[in-house]
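Q: can't give you the sequence, but here's the structure:
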């Protein structure tokens with residue numbers, strides 16, 4: 001049995017994308033793999049564990065200092081005879097995790113170029129990924145750099161996505177501003193749409209880290225807008241396929257909207273999302289409204305004049321699994 005350990009976290013100050021990516025990639029590995037997770041006890045992460053019924057998940061105290069965390073990981077590797085450690089850590093520099101056991105293979109998602117010297121595989125789906133890594137410094141490391149290597153859920157490559165046709169006549173609008181949405185852009189978008197008085201149907205998705213649910217419900221009550229609010233759902237694919245237009249943040253949601261042939265409207269809520277949003281906009285695959293900006297008139301125009309979405313999947317998550325298989 002091949003044994004792979006995933007290490008990531010989810011919390012409002014880092015979002016849920018790190019842990020969600022590793023949950024998604026874990027589902028690509030078949031029954032020949034035994035999968036383990038180590039996460040910190042942040043509420044958003046613990047809720048994701050329950051939501052996806054993760055087995056073999058071990059939770060450590062969020063106040064644990066790095067030295068003790070590394071000791072814990074190494075002891076875990078020895079106790080469970082782990083073969084591969086798969087990181088996605090954005091809360092601190094990955095390069096700080098020095099001292100991890102040398103007897104295992106190491107894989108990491110990394111977006112800033114601060115990596116360990118002994119990584120076997122590095123993935124970065126930022127559109128400017130090549131700027132962050134001096135590949136010549138790491139002759140023993142393989143790199144998958146570029147937006148095509150985003151970790152999408154396995155079902156996003158299914159037949160029902162391939163045959164999907166976009167309907168310009170409907171105005172079913174999805175709002176999905178990420179799992180945490182600490183600046184409550186969900187509420188800002190809803191407020192703007194309420195002012196439009198357009199004949200549209202809203203499907204508002206809030207994630208495990210969203211803390212403004214009651215306020216959001218109050219905004220929509222008696223607004224005259226037809227709406228649903230769904231919290232912390234498991235099957236996002238069906239939500240994408242049921243809408244015509246998707247308003248999302250520039251994280252994983254943006255790639256998921258493009259992949260599922262939705263007409264995307266994007267808002268970058270963190271600086272690192274700007275390049276991805278601009279890239280999708282320049283390619284004609286999305287409409288980008290700006291970094292933490294929301295203009296009523298621009299949002300209204302994007303909804304009333306949706307762009308035609310990309311009619312193919314340009315992503316390649318399976319390449320990651322292929323290279324991990326090769327490590328064995």
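A: Done, it's in. Quick caveat: nothing in here was measured; it's all calculated off a predicted structure.
Q: thought residue 167 was touching residue 244?
A: Yes - at 5.6 Å, residue 167 counts as touching residue 244 under the criterion of C-beta atoms under 8 Å. Every residue, glycine included, has its C-beta placed from N, CA and C.
Q: for those two, indicate the residue with more neighbours.
A: residue 244 (20 against 11; other C-beta atoms under 10 Å).
Q: so which residues of the protein form strands?
A: 2-8, 33-40, 57-60, 84-88, 105-109, 121-124, 142-145, 172-176, 201-206, 226-231, 245-249, 263-268, 287-291 (DSSP state E).
Q: domains of this protein?
A: 2-151+316-327, 167-304 (automatic domain parsing).
Q: looking at these, which is buried most?
A: Highest mean neighbour count of the domains of the chain: domain 167-304, a mean of 19 (counted as mean count of other C-beta atoms under 10 Å).
Q: and that domain, what's its mean pLDDT?
A: What domain 167-304 shows for mean pLDDT is 91.
Q: I'd like the domains of the chain written out as CSV, with distance to residue 159 added.
A: Formatted as CSV, the domains of the chain follow (distance: least, C-beta to C-beta, whole Å):
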stretch, distance to residue 159
domain 2-151+316-327, 15
domain 167-304, 12
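Q: could you dump the strands of the chain to TSV with distance to residue 279?
A: As requested, the strands of the chain are exported to TSV (distance: least, C-beta to C-beta, whole Å):
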stretch	distance to residue 279
strand 2-8	24
strand 33-40	30
strand 57-60	34
strand 84-88	21
strand 105-109	18
strand 121-124	14
strand 142-145	14
strand 172-176	19
strand 201-206	24
strand 226-231	29
strand 245-249	15
strand 263-268	10
strand 287-291	9
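Q: measure residue 33 to residue 2 for me?
A: To residue 2, residue 33 is 5 Å away according to C-beta to C-beta, to the nearest Å.
Q: my error: substitute residue 326 in the last question.
A: Distance from residue 326 to residue 2, by C-beta to C-beta: 12 Å.
Q: ok, residue 194 next?
A: Using C-beta to C-beta, residue 194 is found at 52 Å from residue 2.
Q: please apply the same query to residue 86.
A: The value you get for residue 86 to residue 2, if C-beta to C-beta is used, is 12 Å.
Q: give the residues shared as contacts by those two.
A: By C-beta atoms under 8 Å, 6 or more residues apart in numbering, residue 86 and residue 2 have no common neighbours.
Q: surely residue 318 is in contact with residue 28?
A: Yes - assessed by C-beta under 8 Å, residue 318 is found in contact with residue 28 at 7.1 Å.
Q: which parts of the stretch 201-328 of the chain are helices?
A: 213-220, 236-241, 252-259, 274-282, 296-304, 318-327 (DSSP state H, counting those that start in this stretch).
Q: kindly report the same for the stretch 51-200 of the chain.
A: Counting by DSSP H, counting those that start in this stretch, the stretch 51-200 of the chain has these helices, from start to end: 66-80, 159-162, 185-196.
Q: how near is the most far-flung residue of the chain relative to its centre to residue 87?
A: Centroid-distance maximum for the chain: residue 222 at 32.8 Å, with C-alpha atoms, centre = their mean. From residue 222 over to residue 87 the distance is 47 Å, taken as C-beta to C-beta.
Q: low pLDDT regions in the stretch 1-150 of the chain?
A: For the stretch 1-150 of the chain, no stretch has pLDDT under 70.
Q: who's in contact with residue 211?
A: Applying C-beta under 8 Å, 6+ apart, the residues near residue 211 are 12, 182.
Q: can you put the helices of the stretch 51-200 of the chain in CSV and add distance to residue 297?
A: Shown next, in CSV, are the helices of the stretch 51-200 of the chain (distance: least, C-beta to C-beta, whole Å):
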stretch, distance to residue 297
helix 66-80, 47
helix 159-162, 32
helix 185-196, 10
